[in-house]
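Asks: Build me a structure from this.
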Amino acid sequence: MTDKRVYNFSAGPSMLPVEVLEEARDEMLNYKGSGMSVMEMSHRSSTYQAIFDETKATLKRLLNIPDNYKILFLHGGATQQFGTLALNLLQKGRADYVVTGNFSKKAAQEAAKFGDVHIAYDGKDNNYTHIPTQDELDIRDDIDYVHICQNNTIFGTEWNYVPDTKGAPLVADMSSDFLSRPVDVTKYGLIYAGAQKNVGIAGLGIVIIREDLVKPHRPDIQVLSEYDTMIKKDSMYNTPPAYAIYVAGLVMKWIENQGGLEAMEKRNIKKAKLLQDYLDQSDFYNYPTEKGSRSNMNVAFTTPNKDLDAKFVKESIEAGMTNLKGHRLVGGIRASIYNAMPYEGVEYLVNFMKKFAEENK
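Replies: Below is the predicted model of the structure:
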């Protein structure tokens, strides 16, 4: 960590690997002898097409994506997909949503504009500190899909199993833990993610969809929401989020160079365990998320009162950290420790927490 950089615990946009930032910097004015920045490049040029193709190929390698799945790089992040996926997948007009936090709730609300949405589980009564067991899921028969949010940034929970959906395709918003660990893509009908947490910068939505779920589009929806059209045009019906795709490609290659998703998972478990183990033994901090439901990406906790929460955030900034303030819906403190956060950053945070607890008991 240099004197000018801080440990950034933002939930998104989040910190990027320094190596990626340095590579983007070095290529900013003249990408590989092209005489221009990627920001200035025509998306129809052979130079940019090579960037696009390599990014897609790297993602396919990382996740071992089978040939019967299509990859899309789209505008609008994950939120754009809340409605888009419903417009494309609601063939029978029925879908079940598992609400484990704010974004799965928003996804359900958006889909309800276009069809019969049933809430198969809602964690509001336990303040979203728990991921439901299979027995707690009320999944209907004869539905188009089941939707989950794999990791909940606000409340710090994460699915650690793949639910049985009674044969319906499983749709997962993986924005917060995308490329943080290996995933068996074949267990999902559709995976989508915003890039700005683990994969790059804001503006890019990544969609991985099984071919049999791609149907002729409805005649009454906008063209950029038509999965079949966007697949036919290879994400380039219009100008794609070109620079965001380039940065995502750099991050994906960085992940490969670190040893791939297996290595990422080991790193992320080690980081999360350091912080979570300290919180579990602390008599000063409150860490309400249930064991078994805890996220390795986002850790949400509080001090004994709101005044101390505010003091913690203020002093953490003075100590060289940033974005530890909890989400506005819940307050408290939240540490987002995505792929790019080094172990030393979490270690630095824990040491600060120990000192703060001693000084404020």
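
Asks: so how far is the longest helix along the chain off the chain centroid?
Replies: In the chain, taking DSSP state H as the definition, the longest helix is helix 260-281. Taking C-alpha atoms, centre = their mean, to the nearest Å, one finds the center of helix 260-281 at 17 Å from the center of the full chain.

Asks: which residues of this protein score low on pLDDT?
Replies: The model of the chain has pLDDT under 70 over residues 1-3.

Asks: Tell me where it has strands.
Replies: 7-8, 69-75, 94-99, 116-122, 145-149, 151-152, 157-158, 170-173, 190-194, 204-210, 298-301, 321-322, 333-336 (DSSP state E).

Asks: got the contact list for the second one?
Replies: Contacts of strand 69-75 with the rest of the structure, by C-beta atoms under 8 Å, 6 or more residues apart in numbering, involve 52, 55-56, 59-60, 65, 80-81, 185, 203-211, 214, 224, 227, 230-231, 235, 240-241, 245, 248. Any C-beta I mention is one placed from the backbone N, CA and C, and that applies to glycine too.

Asks: With just CA atoms, put that strand into CSV.
Replies: These are the backbone C-alpha positions of strand 69-75, laid out as CSV (Å, rounded to 0.1, in the frame of the first residue of the first chain):
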residue,chain,number,x,y,z
TYR,A,69,-24.4,-21.5,-22.9
LYS,A,70,-24.2,-18.0,-24.4
ILE,A,71,-22.3,-15.1,-22.9
LEU,A,72,-23.5,-11.5,-23.2
PHE,A,73,-21.8,-8.2,-22.2
LEU,A,74,-24.6,-5.6,-21.8
HIS,A,75,-25.3,-2.1,-20.6
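
Asks: What residues of that strand count as buried?
Replies: Within strand 69-75, the residues that qualify as buried are 69-74, counting by 16 or more other C-beta atoms under 10 Å.

Asks: Next, check the contacts of strand 69-75 against the helices and list the overlap.
Replies: 52, 55-56, 59-60, 80-81, 227, 230-231, 245, 248.

Asks: rewinding a little: and the buried residues of strand 69-75, which two are furthest apart?
Replies: When C-beta to C-beta is used, the two most widely separated members of the buried residues of strand 69-75 are Tyr69 and Leu74, lying 15.3 Å apart.

Asks: Identify the residues contacting Asp280.
Replies: Residues Tyr287 are the ones in contact with Asp280 under the rule C-beta under 8 Å, 6+ apart.

Asks: and what of Pro216?
Replies: Pro216 makes contact with Asp228 under the criterion C-beta under 8 Å, 6+ apart.

Asks: separation between it and Glu226?
Replies: 9 Å (C-beta to C-beta, to the nearest Å).

Asks: do the same with Thr129
Replies: If you go by C-beta to C-beta, the gap between Thr129 and Glu226 works out to 38 Å.

Asks: My read is that Ile245 contacts Ile51, right?
Replies: Yes. In this structure, Ile245 sits in contact with Ile51. The criterion is C-beta atoms under 8 Å, and the distance is 7.1 Å.

Asks: Those two: which is more packed in?
Replies: A count of neighbours by other C-beta atoms under 10 Å puts Ile245 above the other of Ile245 and Ile51, at 25 against 21.

Asks: How about that one: what's its closest non-neighbour residue?
Replies: Distance criterion C-beta to C-beta, 6 or more residues apart in numbering; nearest residue to Ile245, sequence neighbours excluded, is Phe73 at 5.1 Å.

Asks: gap between stretch 58-72 and the chain center?
Replies: When distances are taken as C-alpha atoms, centre = their mean, stretch 58-72 is centred 17 Å away from the chain's centroid.

Asks: again, but for stretch 221-238
Replies: On the basis of C-alpha atoms, centre = their mean, stretch 221-238 sits 23 Å off its chain's mean C-alpha point.

Asks: tell me which residues in the longest helix of the chain are buried?
Replies: By neighbour count with 16+ other C-beta under 10 Å, helix 260-281 contains the buried residues 260-261, 264-265, 267-268, 271-272, 275-276, 278-279.

Asks: With stretch 341-360 instead?
Replies: Those would be 341-342, 345-346, 348-350, 352-353, 356-357, for stretch 341-360 by 16+ other C-beta under 10 Å.

Asks: now stretch 312-327
Replies: Judged by neighbour count (16+ other C-beta under 10 Å), stretch 312-327 contains these buried residues: 312-313, 315-316, 319, 321, 323-327.

Asks: Looking at those, which is nearest Cys149?
Replies: Distance from Cys149 was checked for each of those by C-beta to C-beta. The minimum falls on His327, at 14.3 Å.
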